[in-house]
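> build me a model from this:
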Amino acid sequence: MIKIQLALYSSITKALLTMSLTVFILASCTSNPVKDTPLTTEPINNHDIINDAPLSVLHKKALNDAIELINNDDFESAKKSLKVLHDQYPVNNDIAAHYALSAYKTNNRKLANTLLAKNAYSPLAQNLLGIIALEDQRPSDADIYFKKAIELDKKYAQPYYNLAFIYDTYYQDLKGAIELYQTYLLLIDFIDEDTQKWIKSLEQSAARED
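Numbers count the residues shown, from 1 in each chain. Predicted coordinates for the structure are as follows:
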């Protein structure tokens, strides 16, 4: 019952959330519930642009249009638009992070990693780096990236969820996972019933261990 959170900001509507391709698998090989799933994409909601260099009104609209393309899973078109923007604003963290996401989703890992390496102060980029690390079976590295994303933006919900996944699945630290999932629930602006149910399941397992 796990979905790795790839959304870049937390203001996601319930309607958009249901569009994500999430697979939930409950493993039955241990006494505790275990979550296992492939990485998935949560839609990204438009948000106020974070600028390192001032964007013109036209370029702000172009960035929001590219984000909308990502929302609609049109990653190739988004990547083309974001490349143009990135060429014009190479130090803009928001453009670079979305460009990296579109590259990652079109299987251009080399480009994504290059962009992310130059984007150390973006919580969006740190979250994506964490997801890539998990995909590469490097949970310790993912842990660092998700914690860095939280450090950069404590109100950014997705890295709390993703860090909870590591505590839950890799560390078997149920109490730590519960706390992180609960923080995620406090930060999102919709009701995530699946995560609420999962927390209850983890609480029951933690109680049996005590």
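> show me where the chain has strands.
Using DSSP state E, the strands found in the chain span residues 25-27, 34-36.
> which stretches of this structure have low pLDDT?
Flagging of the chain using pLDDT under 70 yields the residue ranges 1-53.
> that one: helices as residue ranges?
Taking DSSP state H, the helices of the chain run over residues 14-17, 57-71, 75-88, 93-105, 109-117, 123-135, 139-152, 157-169, 174-187, 193-209.
> got the ones you listed as TSV, with mean neighbour count columns?
(Glycine included, C-beta is placed from N, CA and C.) Formatted as TSV, the entries for those read as follows, by neighbours: other Cβ atoms under 10 Å:
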stretch	mean neighbour count
helix 14-17	14
helix 57-71	17
helix 75-88	18
helix 93-105	25
helix 109-117	17
helix 123-135	24
helix 139-152	19
helix 157-169	25
helix 174-187	18
helix 193-209	14
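> residues contacting residue 84?
Counting by Cβ atoms under 8 Å, 6 or more residues apart in numbering, residue 84 touches residue 62.
> so residue 175 is in contact with residue 203, correct?
No - Residue 175 lies out of contact with residue 203 (Cβ atoms under 8 Å); the separation is 9.1 Å.
> and the closest residue to residue 188 other than its chain neighbours, how far is that from residue 57?
With Cβ to Cβ, 6 or more residues apart in numbering as the criterion, residue 188 has its nearest non-adjacent residue at 5.0 Å, and that residue is residue 157. With distances taken as Cβ to Cβ, to the nearest Å, residue 157 is found 29 Å from residue 57.
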